[in-house]
Every structure is written in C-alpha cells, then in structure tokens.
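Enquirer: Pasting the sequence and the predicted coordinates here, then a few questions.
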Amino acid sequence: MTKDAEKPDKPAQQQQHKQDKGIQVTPADGPVGGGGDGDDQSVKVQQPKEPVLHDDDPLWAFHEPADHIDPRDKSTPDSWIKRNPHLIRLTGNHPLNANPPAELLAERGFITPVSLHYVRNHGAVPKIEWSKHRVTIDGLVDHPMTLSMNELMNLVEPEAITAYLACTGTRRKELRQVKAVQGSDMGRTTVANSHWTGIPLHKVLEKLQVQAGAHWVWFSGPDGELPGGRAYETCLELERCLNPADDVLLAFKQNDRFLTPDHGFPVRLITPGLAGGRQIKWLTHIHICDKPSTNHYQIHDNRRFPESIDRDMAEKEGYYDLDQPEKAYAFDIMEDCVNSAVLLPNHDEVVLQQQQQQQQEGQEDGQDGGQKVLIQGYAYTGGGREVTHVEISLDEAKSWKLANLTHGAGGHVTEQGKHWCWYLWQVELRYDELSSAPEIRCRACDSASNTQPERPMWNMTGMMNNCQYVVKLHQLSASDDGSDGRSGVRFEHPVTEGVGGHGGWMMTEKEAAGEGGVVESEAEIAEEESAGKEWEKLKEVSLKEVGWWVVCHGVVSHVVGIVPVVKILRRLCHQQYYIRNHVPSHFDYGNCKGDSACLAEFTC
C-alpha cells in the first residue's frame, strides 16, 4: 500500500497524461447534444473502459479498490457491489450507510480513497448501464434535451475541482445523547475530500437558454431508487447554478477515475460547499422551475429546525404543508456550517508515558525536552469560505492555542477565490500537558467569523451538529489495567463509532436515560395503530395476504407495507431502523407482485 507521505494533494498530479479534456472512450458518432429519444440510434455509445488498478499504480492510493463482495451484502439487492470491509455500517446491511474508521481517514490524508469515502444510500444502488443512461433537462428552458452519457460528456468542456463532502447528519450521534433525533448514527467521519471531474452546469444551462421566471433547479435520481417507485430529489437556487464561481458540476469522475456505483455512477451532482443531502447521485433529471421542489426529501429532510420545534409541533404548525410555502421551506439546509473534530488519538486509545531513558535519548537527538503527543483532526466550512484557524483548549475553553493547518490552506483556492477543500490540522502537545488536563477540545473559525458553539444545538432531525468537539482525558496510574506498568492518558471521545455501543463520555452520561432513537409524532403513532399491527409467531406467507413480518429485539410484528415497517422499527429499536436484514434470494424488491411466498425478516 502506498504510504500517505508519498501521496500528493491531487491525484492528477501523479498522472503522466494531461488533465481530463474529455471522456476517454470512443467519441460518439453523429451530432452531439441533439436531445435523443432514449434509443439514441444516431450514435454509437461505448461503455467506459479503464485499466485495472494495481497497488503499484500511482492512482491506487486514491482508490484502494475493494476486491470482493462483502458477505454482509450477499442477501441484499446490493450483492453485486464490491465494498471496503473496513467501512463501519450504521443501518445494518441494507441500505448501506457507512463511514470509515477515524484512524484510516486520518492516515490517508488530504485526498480520501474512494473505497473509504463515506456512503449515504436511501435504498438499493441502481444498476445503471452507461450506454442506456439518459439525463433529461427540461422545464423553463428554450431547448430541453435528453442526453446520453456520451452526449453529455461532449456537450461542453469538462472541468475539475477538489472539494470535500460532508453528510448533513455528520456527528448526529452526539445529538442523540442529548435527546432523541431522527436518522442514523452518523459519527465524525462522514466527511471526505475528493478530486471531481465533470461538466460545469452553468455552461449547460447557457446552451439550453433558461427562460424568464425561472428561479429553481430540481435534481433527481432514477425512479424506483426508493420504495414505492419514488426518486430522491432536491433543488438549488438558479442563481447558484448559473454562477461560474460556485463550480456546480455534473461529475462523472472521482479521483480521476469513473464513479463507482455507491458514489453515483455514471453521473452525479457535486455542489461544493453545500450540505451532503444536496449532492444527488445517479443523476437522471434536471428540471428548471419557478418554485422549489415538492419532493418528500425536500420537505421532510435536509432541514435544521430550531430546538423549540419538535415533530408534533412541526406538523401542527404546518411546517410540512405545501399550502403554506413560507413554512414548508423554512429552515432548509444549503451551505455547510463551520465544523471540526479530533480524529487521533482515537477513542479509548492510551498514550503511555515514555520511560526516562527514552526521554533522555530524545533530548540527545536535539529534540525539545519532554515527550510529545500528536493530536490530529480536520475542519471544513461551507459556501467556499476559508477556515482561517483551528484552536485547541486543554482547560475547558478557558484558554486556547493555535493548531497547525497542514493541508487545505494556500494552494487550494479556486480562481474565483473559493475554498472547497477540507483542512487537516495537527498540534504537538507535551505529555505533561495532557497528563494534567481534564479534556482537549477543538474549534474552527472561518473567514466570515463563524465559529463553533460551545454546546450542542439539538434539533429533531439531528442535522448539522457543529459544537466544539470534546475529548475527555483520563489519567492512568502504573497499576491500572492496560498501563503496562507506566502511567498514561486514555482518550475518551463523546460517542463510539457505529450503531449503538457503549463508551464515549456523552453515552456514559446518558446511559441511564434510554432516550435514544427516532423522533416520532402522535400522527405517526396513530397511523401505525391504524395499519392493523398484530403480534404473533413468525411464519413464511404470501405478501398479498399479510405483508411484512418484522423481528426486533425478539418481538415479532406483522404489518402491511414498507412504511409501517420502518415506523415500527423506529419505535422498537433505540438506535436505528434496523441493524441486519435477511431476505430470501427469490425476493425481488422492485418487482414483487405478491404472488409468491416472500419473507422479509429485519433483526435489530
């Protein structure tokens, strides 16, 4: 494996050929951008081909491609996708929601390998063929088009940017320790930094000639991506999409190779500086409109409500009512807030005091006296703003000292002055500083003087948690377990990575409360009861007759339809919808007509 120290800041810097000037496949024959009818008989479309990566290839370190199907995926609709086994799964086996271990994210450095990039899927990954995929652009434009992938790639000159992505629910698990929230247990590592290549959207829209009265652009994935044949959809202001400085891309490459299925193959939306929920994967439809999208995920997700508004109040006050647009679109999340976190030392990691002989040897080598401990972390901010500095405190925010920004500053500014990358930071502390400190906390500040609040700002969706990141320090004596006969310092992060778990100082403080889980309104509870729940033994039956059987913590529930299943799991499982699922091989999620015996068992 290539060591991080040997990796440059951008994958393209290791390429022997020139930067991408177009797709590296046989060009389409015939006219480009003609708005094909779907069959695209006028062009000869080629499936993109790339050489297989080997561990001696300069690009290997930026991908670390998985080489086998994870056993946990073999009974799911994603059984065809190779995935990195180190990913920490947050919602069971399916759909995949996962983040990398903190130590790997830190060790890999400025550019995150694709296989270790966090994954946020709402359903099964669609099987899409390059030659058959179409992107439709319509609505308030003079020249609507339906484009094949080759037509899209050749419509305008591709461009490349380096930008981070962060899930809108990053660090949600910390908020769950304050009070119940909806959503999965995202930790501090649902953030990554990549080199993206794609078609600049502003140039595409210029070609299509947007009409007067247009204010919004809707983006959606394929129909059927979600249960019930739905598509995931979001929207952006037209002004942002037309602004060259905002670098909105229809991306087809990540770290100089074609996208992988989990990250949107064959084309996805990249909107740097905005929340992860806006980065549509498997992009299928772009619609220019005079109003924002009415999609479920636009109205019910990607919103950060004030702490004073819970789920019941939101429903009663009309915050999901499209007839009250001033409320239905209030508190929506666009630009990321400033955030930072400590990555290493990791949770429960122990730093032992060096023996006196080792310290003396260090002094003889010309090192500053005293044992040093390296603290590492990341920072990012939205809107293209610059992270001006990161500070750390060892005395519960009474005083602060600057950390060193090792990546992200300086040469990673666009021609328009935008800062799209994350920042990596580190600080060396003396062992005696840590051994006498109760905690270490970090905070970042950006060029708009935004900084991180001292305490968590709870919201019912668990979105955009950006409070100061605090690691508690525990002093170990020479007689303590794990001390190896020496004194030491144990690092305790606020929560453990992954679903549930014990440990983490916030989890320890809240352990007795048992309030973890998903916020649920009275209306949802009434809907579940009206769905005709029955409790009886598990048996295999026809979906047409009884629907779904759910097993959670040893309790068997019988419901009809997938939505009640999810809602029951929300109530039964303190952590998340389901942890593991087993689906018979003959069961087809997308094509089940209820005419065969099907059994879906979800186990928490």
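Expert: That came through, no problem. Residues are numbered from 1 along each chain as shown.
Enquirer: Dihedrals phi and psi, the residue sitting nearest the centre point of the chain?
Expert: Centrality entry for the chain: nearest residue to the mean C-alpha point is Cys167, 3.4 Å, by C-alpha atoms, centre = their mean. Backbone geometry at Cys167, expressed as degrees, to the nearest 10, gives phi -60, psi 140.
Enquirer: The nearest residue to it once chain neighbours are set aside - how many residues pack around it?
Expert: Distance criterion C-beta to C-beta, 6 or more residues apart in numbering; nearest residue to Cys167, sequence neighbours excluded, is Thr190 at 3.8 Å. (Each C-beta comes from the backbone N, C-alpha and C, glycine too.) Number of residues near Thr190 (other C-beta atoms under 10 Å) recorded here: 27.
Enquirer: quick one: the strands in the stretch 201-350 of the chain?
Expert: 216-220, 233-237, 249-254, 257-258, 268-270, 285-289, 339-344, 350-352 (DSSP state E, counting those that start in this stretch).
Enquirer: Save these as CSV, and put in distance to Val119, mean pLDDT and mean neighbour count too.
Expert: Formatted as CSV, the strands of the stretch 201-350 of the chain follow (distance: least, C-beta to C-beta, whole Å; pLDDT from 0 to 100; neighbours: other C-beta atoms under 10 Å):
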stretch, distance to Val119, mean pLDDT, mean neighbour count
strand 216-220, 19, 98, 24
strand 233-237, 18, 97, 21
strand 249-254, 13, 98, 25
strand 257-258, 17, 96, 18
strand 268-270, 13, 98, 24
strand 285-289, 22, 98, 21
strand 339-344, 19, 98, 24
strand 350-352, 31, 94, 17
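Enquirer: Just put those strands in a markdown table and tack on distance to Asn404.
Expert: Shown next, in a markdown table, are the strands of the stretch 201-350 of the chain (distance: least, C-beta to C-beta, whole Å):
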| stretch | distance to Asn404 |
| --- | --- |
| strand 216-220 | 38 |
| strand 233-237 | 35 |
| strand 249-254 | 28 |
| strand 257-258 | 32 |
| strand 268-270 | 29 |
| strand 285-289 | 42 |
| strand 339-344 | 13 |
| strand 350-352 | 19 |
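Enquirer: To Ile88, which of those strands lies closest?
Expert: strand 339-344 (13.9 Å; C-beta to C-beta).
Enquirer: export the closest one as PDB, just CAs?
Expert: This file holds the C-alpha atoms of strand 339-344, laid out as PDB (Å, rounded to 0.1, in the frame of the first residue of the first chain):
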ATOM      1  CA  ASN A 339     -17.100  22.300  11.800                       C
ATOM      2  CA  SER A 340     -14.000  20.500  13.100                       C
ATOM      3  CA  ALA A 341     -13.300  17.300  15.100                       C
ATOM      4  CA  VAL A 342     -10.400  15.400  16.600                       C
ATOM      5  CA  LEU A 343      -9.500  12.200  14.700                       C
ATOM      6  CA  LEU A 344      -6.500  10.900  16.500                       C
END
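Enquirer: who touches that strand?
Expert: Here strand 339-344 makes contact (C-beta atoms under 8 Å, 6 or more residues apart in numbering) with 102-103, 105-106, 166, 170-171, 188-189, 374-381, 387, 390, 425, 440, 442-444, 452, 466, 469, 471, 493.
Enquirer: Note down every partner strand of it and its orientation.
Expert: Using DSSP bridges, the strands paired with strand 339-344 are strand 372-380 (antiparallel).
Enquirer: residues in contact with the next helix-or-strand element following the partner strand?
Expert: For strand 372-380, the succeeding helix or strand toward the C-terminus, using DSSP states H and E, is strand 387-393. For strand 387-393, the surrounding residues in contact (C-beta under 8 Å, 6+ apart) are 338, 340, 375, 377, 379-381, 399-403, 405, 408-409, 419, 423, 425, 427, 440-447.
Enquirer: Tell me which strands strand 387-393 pairs with, and in which orientation.
Expert: Strand 387-393 is paired, per DSSP bridges, with strand 401-402 (antiparallel), strand 439-446 (antiparallel).
Enquirer: Pick the most buried one from the ones you listed.
Expert: Counting by mean count of other C-beta atoms under 10 Å, strand 439-446 has the highest mean neighbour count of these, with a mean of 23.
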